[in-house]
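Trainee: just need the structure, nothing else, for what follows:
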Amino acid sequence: MRAIVQDAWGTDPAATLEVREVDRPTIDDDAVLVRVIAASVDRGTVHCMTGQPYAMRLMGFGLRRPKAPNPGRALAGTVASVGKNVQGYEPGDEVYGSCDGSFAEYASAQPGMLARKPANLSFEQASAAPISGVTALQAVRKAGVATGKHVLVVGASGGVGTFAVQIAKALGAEVTGVCSTGKVELVRSIGADHVIDYTREQISDGGRRYDVILDIGGNRTLSELRSALSERGALVIVGGETGGRWLGGFDRSLRAVLLSPFVTQSLSLLASKENTADLDELRALIETEGVVPTVDRAYPLSEAAAAILDVQNGRTRGKAVIAV
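Mentor: Down below sits the predicted model:
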């Protein structure tokens with residue numbers, strides 16, 4: 001089968017990744033073999049390619065070279081075969097979820113990381129949902145988003161952000177999205193009540209305070225985020241792209257957690273994990289509440305490096321998808 005392969009860490013996708021003919025995965029008795037129809041790119045893909053922040057390498061991703069030769073994680077496709085201990089799936093079932101090595105024609109996945117594909121989505125749309133959509137769902141849940149809450153989504157035009165805006169709206173919140181000038185209309189189109197163009201104004205301009213702030217891949221200081229948060233509001237830091245090679249912004253999240261017990265505001269970080277239960281809940285939101293994955297563009301497998309580069313450089317609106 002064809003698959004994306006990397007032999008070394010690298011910051012340039014074109015020099016780091018290549019399409020090769022490799023053996024089709026073999027599955028054990030507890031796994032599912034999926035015929036991948038589409039896969040998506042997220043910030044985690046970039047980190048798995050670059051090996052940065054360096055703390056990742058100490059956490060088991062590989063010190064000198066990546067342990068995983070394929071940085072793809074999210075997929076949508078059909079079940080090709082199942083291990084003898086797997087129940088609930090059979091060949092031909094349409095599924096979406098996450099695994100290791102999704103940038104390939106076939107991938108081995110654990111049943112607990114898969115779910116039935118939303119019936120109203122194409123495979124390309126569905127592949128955009130497993131990681132970004134579940135992350136947004138878990139962030140919204142952790143922050144206690146509910147009807148009437150005023151929610152600020154920092155990074156509203158990205159993969160997780162576009163889901164967070166829509167899920168918060170589906171739960172009845174008033175949502176303000178933060179993005180750059182060229183993405184303002186996109187954020188409005190997915191339901192944001194208000195949009196802040198961060199190139200023209202700060203999140204705390206005007207003195208407004210929010211019940212919830214979801215900081216997704218942001219680089220604002222903790223003090224700046226707290227200044228826009230209500231006295232008893234909740235901040236959930238979903239990610240950070242500060243450019244630090246060693247911790248990559250995790251130090252900011254850690255400071256928030258350490259400070260939280262000493263202030264009236266709730267300050268926390270999110271360590272998301274995909275699972276069947278949340279994929280099922282996300283599917284329900286997609287099928288009944290009109291939450292729709294925002295797909296910027298679909299790239300062929302041969303252009304996976306270009307897709308990752310666009311995400312790496314912040315050029316995408318929503319999700320970049322690879323059509324396998």
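Trainee: dump the residue contacts of residue 153.
Mentor: 161, 164-165, 168, 175-178, 192, 214, 216 (C-beta atoms under 8 Å, 6 or more residues apart in numbering). Placement of C-beta: from N, CA and C, glycine included.
Trainee: now the residues you listed in JSON lines, with pLDDT, neighbour count and distance to residue 239?
Mentor: Below are those laid out as JSON lines (pLDDT from 0 to 100; neighbours: other C-beta atoms under 10 Å; distance: C-beta to C-beta, whole Å):
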{"residue": "161", "pLDDT": "96", "neighbour count": "30", "distance to residue 239": "10"}
{"residue": "164", "pLDDT": "98", "neighbour count": "32", "distance to residue 239": "12"}
{"residue": "165", "pLDDT": "98", "neighbour count": "32", "distance to residue 239": "16"}
{"residue": "168", "pLDDT": "98", "neighbour count": "28", "distance to residue 239": "17"}
{"residue": "175", "pLDDT": "98", "neighbour count": "28", "distance to residue 239": "19"}
{"residue": "176", "pLDDT": "98", "neighbour count": "24", "distance to residue 239": "19"}
{"residue": "177", "pLDDT": "97", "neighbour count": "29", "distance to residue 239": "16"}
{"residue": "178", "pLDDT": "96", "neighbour count": "29", "distance to residue 239": "14"}
{"residue": "192", "pLDDT": "98", "neighbour count": "27", "distance to residue 239": "19"}
{"residue": "214", "pLDDT": "98", "neighbour count": "31", "distance to residue 239": "10"}
{"residue": "216", "pLDDT": "93", "neighbour count": "29", "distance to residue 239": "6"}
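Trainee: these into JSON lines, with extra columns for secondary structure and distance to residue 63?
Mentor: Converted to JSON lines, those look like this (DSSP: H, G, I helix; E, B strand; the rest coil; distance: C-beta to C-beta, whole Å):
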{"residue": "161", "secondary structure": "helix", "distance to residue 63": "33"}
{"residue": "164", "secondary structure": "helix", "distance to residue 63": "34"}
{"residue": "165", "secondary structure": "helix", "distance to residue 63": "38"}
{"residue": "168", "secondary structure": "helix", "distance to residue 63": "40"}
{"residue": "175", "secondary structure": "strand", "distance to residue 63": "42"}
{"residue": "176", "secondary structure": "strand", "distance to residue 63": "42"}
{"residue": "177", "secondary structure": "strand", "distance to residue 63": "39"}
{"residue": "178", "secondary structure": "strand", "distance to residue 63": "37"}
{"residue": "192", "secondary structure": "coil", "distance to residue 63": "42"}
{"residue": "214", "secondary structure": "strand", "distance to residue 63": "33"}
{"residue": "216", "secondary structure": "coil", "distance to residue 63": "29"}
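Trainee: need these in a markdown table (columns: distance to residue 235).
Mentor: Listed next are the contacts of residue 153 as a markdown table, based on distance: C-beta to C-beta, whole Å:
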| residue | distance to residue 235 |
| --- | --- |
| 161 | 15 |
| 164 | 14 |
| 165 | 17 |
| 168 | 14 |
| 175 | 16 |
| 176 | 14 |
| 177 | 16 |
| 178 | 14 |
| 192 | 19 |
| 214 | 8 |
| 216 | 12 |
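Trainee: and residue 304, backbone torsions?
Mentor: phi -60, psi -40 (degrees, to the nearest 10).
Trainee: give the contact list for it.
Mentor: Contacts for residue 304 (C-beta under 8 Å, 6+ apart) come out as 4, 13, 17, 19, 41, 103, 322.
Trainee: for these, work out which two are farthest apart.
Mentor: Spatial extent of the contacts of residue 304 (C-beta to C-beta) is set by the pair 19 and 41 at 15.2 Å.
Trainee: quick one: mean pLDDT for the strand or helix carrying residue 115?
Mentor: Assigned by DSSP states H and E, residue 115 falls within strand 114-116. What strand 114-116 shows for mean pLDDT is 98.
Trainee: between the contacts of residue 153, which is closest to residue 297?
Mentor: residue 161 (17.1 Å).
Trainee: burial of the closest residue to the closest one other than its chain neighbours, as a residue count?
Mentor: If the residues on either side of it in the chain are set aside, residue 161 comes closest to residue 155, at 4.4 Å by C-beta to C-beta, 6 or more residues apart in numbering. Counted with other C-beta atoms under 10 Å, residues neighbouring residue 155 total 26.
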